[in-house]
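K.L.:
Return atomic coordinates for the entry below.
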Amino acid sequence: MDLSNNQIARIVELCLLAGEILIKSGAETNRVEDTMMRIAASYGVPEAQSFVIPTGIIFSSNREDRAKLVRVAERSTDLEKVAIVNSISRQISKGELTVDEALTKLKKVANADLSFPLWLQILSAALASGCFLIMFQGVWQDFIPAMVAGGIGYLLFIYLHKYIKVKFFAEGVSSLVIGLLTALAVYTGLGTNFDSIIISSVMPLVPGLLITNAVRDLMDGHLMSALAKGADAFLTALAIGAGIAAIVAFM
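P.N.:
Here you go, the predicted structure:
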């Protein structure tokens with residue numbers, strides 16, 4: 001099937017948009033590249049080339065055409081968007097969507113805010129902190145202090161990261177506040193075990209998905225992406241550790 005330059009341009013735009021949504025939503029590199037290649041092949045562009053790293057996507061319809069670049073400045077975790085893009089990709093593979101229909105759907109996904117309400121995020125972080133405490137063999141008396149410290153710490157992280165784009169700073173300050181709250185709880189007698197409360201309260205800040213994707217990318221041979229994500233996860237762990245260490249040093 002011979003495609004016009006305009007049709008190829010639309011297909012490239014579609015592939016780049018799908019890849020951008022996936023990488024911004026926390027998908028692993030192999031998933032992003034595979035989805036883009038499958039979409040291109042479904043519309044008659046089987047020789048497409050793609051190169052994905054956490055901060056950008058390079059895509060070309062073949063080896064001769066000029067490559068297109070999309071810069072990815074912000075990344076988060078939104079697995080619902082990943083699932084929606086995968087669903088759209090499967091519809092494309094089955095021939096159920098035209099290029100324009102798929103573009104319309106993906107633009108709606110890109111512009112949609114599918115995140116949970118702030119109060120639910122904070123409540124979830126608080127409950128997770130309390131449950132982690134029990135899982136780490138803590139005592140029930142520390143359940144409430146862990147919930148309070150974890151919830152307030154996560155709330156502070158969200159607000160700091162919203163206004164200050166340096167994620168390292170937001171995580172460091174949040175862990176510092178968690179340490180202060182934990183120390184206060186133990187000092188006043190509301191809590192008993194400083195270590196258990198601290199460990200469980202910082203768990204909502206731990207980059208679990210990022211670490212998993214770094215290992216997955218390393219196993220798939222995407223060395224640049226694996227190193228970048230691994231470095232990001234290391235900085236997050238360093239920020240959390242530095243915040244807690246500052247409190248422990250003064251106790």
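K.L.:
so where is the stretch 1-150 of the chain shaky, pLDDT-wise?
P.N.:
1-2 (pLDDT under 70).
K.L.:
Now do the helices in it.
P.N.:
Secondary structure of the stretch 1-150 of the chain (DSSP state H, counting those that start in this stretch): helices at 5-24, 29-42, 79-93, 99-111, 118-135, 143-163.
K.L.:
Could you export those as TSV, including mean neighbour count and distance to residue 236?
P.N.:
Every residue, glycine included, has its C-beta placed from N, CA and C. Below are those laid out as TSV (neighbours: other Cβ atoms under 10 Å; distance: least, Cβ to Cβ, whole Å):
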stretch	mean neighbour count	distance to residue 236
helix 5-24	20	18
helix 29-42	21	19
helix 79-93	17	19
helix 99-111	15	26
helix 118-135	18	15
helix 143-163	21	11
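K.L.:
nearest to residue 225, of the ones you listed?
P.N.:
helix 29-42 (4.2 Å; Cβ to Cβ).
K.L.:
What is that closest one packed up against?
P.N.:
Using 3 or more Cβ pairs under 8 Å, 6 or more residues apart in numbering; DSSP states H and E, the elements in contact with helix 29-42 are helix 5-24, strand 49-53, strand 56-60, helix 79-93, helix 208-220.
K.L.:
Same list (those) but as a markdown table, adding distance to residue 238.
P.N.:
Converted to a markdown table, the helices and strands packed on helix 29-42 look like this (distance: least, Cβ to Cβ, whole Å):
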| stretch | distance to residue 238 |
| --- | --- |
| helix 5-24 | 24 |
| strand 49-53 | 22 |
| strand 56-60 | 25 |
| helix 79-93 | 26 |
| helix 208-220 | 13 |
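K.L.:
Figure out which of the ones you listed is closest to residue 198.
P.N.:
Closest to residue 198 of the helices and strands packed on helix 29-42 is helix 208-220 (Cβ to Cβ; 17.6 Å).
K.L.:
buried ones in that closest one?
P.N.:
210, 211, 213, 214, 216, 217, 220 (16 or more other Cβ atoms under 10 Å).
K.L.:
Spatially nearest residue to the first one, not counting backbone neighbours?
P.N.:
In space, not counting the residues next to it along the chain, residue 210 is nearest to residue 233; the distance is 4.6 Å by Cβ to Cβ, 6 or more residues apart in numbering.
K.L.:
Then the third one?
P.N.:
Excluding the flanking residues, the one nearest residue 213 by Cβ to Cβ, 6+ apart is residue 28, at 4.5 Å.
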